[in-house]
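Asks: Model the following, please.
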Amino acid sequence: MLDALLARGSSVRVLLRTPAALEALRERGVEVVQGDLRDPKAIAQLVGGTEAVVHVAAVYRTAGHPDSYYREVNVAGTEGLLEAAARAGVRRFVHTSTVGVHGDVGSATVDETAPFAPGDVYQDTKAEAERLAVSFSRARGVPLAVLRPAAIYGPGETRLLKLFRAIARGRYAIVGTGRPHYHLVYIDDLVRGYLLALERPEAVGEAFIIAGPRSLSQAELAAVVAKATGGRVFPFKVPAAPLQWAGSLCEAVCVPLGIEPPLHRRRVEFWTKHRSFSTEKARRLLGYEPRVDVEDGVTRTVAAYRAAGWL
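Replies: This next block holds a predicted model:
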C-alpha cells in the first residue's frame with residue numbers, strides 16, 4: 001500500500017510502533033509518527049492535516065495476548081482513530097475489517113449481506129470495530145468505506161509462510177477432509193481495492209469484500225503450493241478433532257503465562273472452516289477486478305520467499 005501511494009505522488013504519514021524501519025521510511029520521504037493506537041497524542045499527530053486515513057493496524061491471530069488486549073487495539077484503537085479523523089475533517093476513512101467476521105459460511109459462496117458469525121476473539125473484535133466504525137460515521141459524518149479482505153498472500157506477507165515451508169520440505173498433511181474452501185487475495189489486488197476505496201465516491205457508506213478470482217479447497221491449495229515449491233503433501237489426512245483438543249489445552253496453559261502457544265484452536269480452524277466469497281459488489285460499484293489467480297500468485301510468492309531466504 002505504501003509503495004502504491006508513493007508511486008502516485010501522495011504525501012504519506014505512518015504510525016510506527018518500533019523504530020526498526022524508521023530511517024528506511026524517512027529516506028523514502030515518509031513522515032513517521034512513533035507510537036501505537038492506544039496513544040491519543042500520537043494518533044492526533046498522525047491524523048492532523050490529512051485528507052484520508054487508511055486504517056490497517058490490528059492485533060492479528062496471536063494467542064499469547066489476553067482478550068482485553070485485542071479490544072484495546074482493535075476496538076478502542078479504531079474509535080480513537082475515528083475520533084481524531086472527525087476532528088481533522090478527513091475526506092475519506094478506509095477501515096480494514098476482514099471476511100473473518102462472517103465466520104464459517106458453510107458450503108455457500110457468500111457476499112457482504114451474510115450475517116456476522118465471528119469464531120474467535122480476533123474476528124469478534126474486528127466485527128465489533130466494524131460496527132463501531134459504521135455507527136460513528138453515521139453519527140459524526142466521517143466519510144467511511146469498509147474493506148473486508150480475504151486471506152492476504154504475496155511477497156512480503158508471511159502469514160502463509162509456515163504452510164509454504166512445510167509443503168516445500170515435504171512435511172505437510174491436510175487436516176480434516178480437505179474439502180473446506182479457503183479464499184485468498186494477492187497483495188497487488190488488495191492494494192487496488194484500497195485505492196478504489198480511497199478514490200471512488202461510490203465507496204462511501206459501503207462495505208466491500210476484496211478477494212481473489214476464486215476460492216480453492218484445502219486439498220487444491222496444498223496441491224498448488226506443492227507444484228510451485230517442488231514439495232509434496234503426505235498421502236494421508238490428520239483428523240481435526242484431536243488437534244482442536246490439543247490446541248485448546250495449549251491455550252489454557254500458555255495464555256495465562258503470556259506465552260504464544262505452539263498450537264491453538266484458530267490454527268486448526270484454518271483447515272476446517274469453509275470460506276468462499278463473492279466480489280460482485282466491489283466489481284459493480286468500484287470497478288474492482290482481481291487480476292492474479294492463485295497459481296500465478298503462489299508462483300510469485302514462492303519466488304519472493306526464496307529470494308528473501310525464507311524457503
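Asks: which ones are touching the residue lying closest to residue 208 once chain neighbours are set aside?
Replies: With sequence-adjacent residues excluded and distances taken as Cβ to Cβ, 6 or more residues apart in numbering, residue 208 is closest to residue 282, at 4.3 Å. Every C-beta, even on glycine, is put in place using the N, C-alpha and C of the backbone. Shown in contact with residue 282 (Cβ atoms under 8 Å, 6 or more residues apart in numbering): 193, 196, 208-210, 288.
Asks: okay, among those residues, which ones form the most distant pair?
Replies: Greatest spatial distance among the contacts of residue 282 (Cβ to Cβ): 196 and 209, at 13.0 Å.
Asks: Of the two, which one has the most company?
Replies: A count of neighbours by other Cβ atoms under 10 Å puts residue 209 above the other of residue 196 and residue 209, at 27 against 22.
Asks: Who are the contact partners of the residue nearest to residue 179 when sequence neighbours are not counted?
Replies: Of all residues not flanking residue 179 in the chain, residue 217 sits nearest, at 5.5 Å (Cβ to Cβ, 6+ apart). Each residue near residue 217 by Cβ under 8 Å, 6+ apart is listed here: 178-182.
Asks: and which of these is nearest residue 128?
Replies: Nearest member of the contacts of residue 217 to residue 128, counting by Cβ to Cβ, is residue 182, at 24.2 Å.
Asks: Isn't the closest one up against residue 215?
Replies: Yes - with contact defined as Cβ atoms under 8 Å, residue 182 reaches residue 215; the gap is 6.3 Å.
Asks: between those two, what contacts are shared?
Replies: residue 275.
Asks: where along the stretch 1-150 of the chain do the strands fall?
Replies: For the stretch 1-150 of the chain, the strands defined by DSSP state E, counting those that start in this stretch cover 13-16, 31-34, 52-55, 92-96, 144-149.
Asks: picking that back up, are any of the contacts of residue 217 buried, and if so which?
Replies: Neighbour-count burial (16 or more other Cβ atoms under 10 Å) applied to the contacts of residue 217 gives 178, 180-182.
Asks: In strands, which of these fall?
Replies: Among these, the members found in strands (DSSP state E) are 181-182.
Asks: Out of the buried ones among the contacts of residue 217, which comes closest to residue 8?
Replies: Nearest member of the buried ones among the contacts of residue 217 to residue 8, counting by Cβ to Cβ, is residue 182, at 31.8 Å.
Asks: related to what we said a few turns ago, can you redo the strands of the stretch 1-150 of the chain as TSV with mean neighbour count?
Replies: Listed next are the strands of the stretch 1-150 of the chain as TSV, based on neighbours: other Cβ atoms under 10 Å:
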stretch	mean neighbour count
strand 13-16	17
strand 31-34	15
strand 52-55	21
strand 92-96	24
strand 144-149	25
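Asks: Pipe these into JSON lines and attach mean pLDDT per row.
Replies: As requested, these are exported to JSON lines (pLDDT from 0 to 100):
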{"stretch": "strand 13-16", "mean pLDDT": "93"}
{"stretch": "strand 31-34", "mean pLDDT": "92"}
{"stretch": "strand 52-55", "mean pLDDT": "97"}
{"stretch": "strand 92-96", "mean pLDDT": "98"}
{"stretch": "strand 144-149", "mean pLDDT": "98"}
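Asks: Now the ones you listed in CSV, please, with extra columns for distance to residue 256.
Replies: Shown next, in CSV, are these (distance: least, Cβ to Cβ, whole Å):
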stretch, distance to residue 256
strand 13-16, 30
strand 31-34, 31
strand 52-55, 31
strand 92-96, 30
strand 144-149, 32
